[in-house]
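In: Generate coordinates for the sequence data below:
(one chain, ligands or ions: 1)
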Amino acid sequence: MKLRKFILLTATLLLATACSGKPANNQQASTTAKNKTAKKALVVFFSHAGENYSVGNIATGNTKVVANYISDIIGADQFEITTNKYDGMDYKSLCDLAKKEQEQGLMPDFKGEVYQPATKKKVSLTESIHQYDVIFIGGPVWWGTYPQVMFSFFKKHAGQFKDKTIIPFTTHEGSGLGSCVSDVKKAFPDCKVTGEFCIAGHDVRKGRATVEKWLNGLTY
Ligand SMILES: Cc1cc2nc3c(=O)[nH]c(=O)nc-3n(C[C@H](O)[C@H](O)[C@H](O)COP(=O)(O)O)c2cc1C
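Out: As a prediction, this is how the structure comes out:
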């Protein structure tokens, strides 16, 4: 009799757990965006650490904060476009240089590799690009669009992105997306460009929920 009661109780408990919809390991539902899609995503971004408008001298650039949220929330890998060209520059000098680069259509050199947080491995973009269905492209707005160094990246790699979905985002201090979306469409004519997002640079450090809301609303 006791055994029958025990089996009945265990079965009832199992059924209740299965129907509750709660993950067995009690993980929070903040992974909604991650669970929503099995598609593999890469975040390509540029971000400038150092002296910047409104936020002072920052060790981690505003766009990088957003890129890290994206990786954390949906499990995306990262490609950070880097250059040492702007290291240690004060804000005013950087503005002057960025304007000159844009006006003259200069294409600064860059470096970067794909970083896969899950394995902590770095791999080349050329070798790994086939894995990704969705590419987030993000950067600061510099004089109304992305910094020229990002266009150097676009020029070098656009041909490898054929048929991918691109989701552009920016951090800014008033220009929103500027002309970034149309510039990305021009640079990647063989891609679907959709789902764009922008956030003020001075808001990113308390903006994780805003980023998560955007990600949850995306269909790709
Ligand atoms: C050279 C330069 C030019 C900028 N031009 C603009 C601009 O045209 N419009 C705007 O809204 N913000 C502009 N900003 C502000 C940045 O877009 C903003 O601070 C951004 O969050 C910086 O991101 P990061 O820290 O990832 O580089 C500019 C900043 C710099 C350094």
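In: Distance check, residue 111 against residue 52.
Out: 21 Å (CB to CB, to the nearest Å). Just so you know, the C-beta spots here come from the backbone N, C-alpha and C atoms, and that holds for glycine as well.
In: wait, residue 173
Out: 9 Å.
In: and those two? which has more neighbours close in?
Out: residue 52 (20 against 14; other CB atoms under 10 Å).
In: which residues touch residue 111?
Out: With contacts defined as CB atoms under 8 Å, 6 or more residues apart in numbering, residue 111 is in contact with 81-83.
In: Repeat the analysis, applying 6 Å as the threshold.
Out: Neighbouring residues of residue 111 by CB atoms under 6 Å, 6 or more residues apart in numbering: residue 82.
In: If it is in a bridge, with which residues?
Out: Legend: beta-bridge partners of residue 111 under DSSP bridges are residue 82.
In: what's the span of stretch 99-113, first residue to last?
Out: Taking CA to CA, to the nearest Å, stretch 99-113 runs 27 Å from one end to the other.
In: ok so residue 98 is a helix residue?
Out: Yes - under DSSP: H, G, I helix; E, B strand; the rest coil, residue 98 sits within a helix.
In: roughly how far apart are it and the ligand?
Out: Residue 98 is 4 Å from the ligand, where distance means CB to the nearest ligand atom, to the nearest Å.
In: shouldn't that residue be in contact with residue 144?
Out: No - taking contacts as CB atoms under 6 Å, residue 98 lies outside contact range of residue 144: 10.7 Å.
In: With neighbour numbers in mind, choose between these two.
Out: A count of neighbours by other CB under 10 Å puts residue 98 above the other of residue 98 and residue 144, at 21 against 13.
In: residue contacts, that one?
Out: For residue 98, the contact set (CB under 6 Å, 6+ apart) comprises residue 142.
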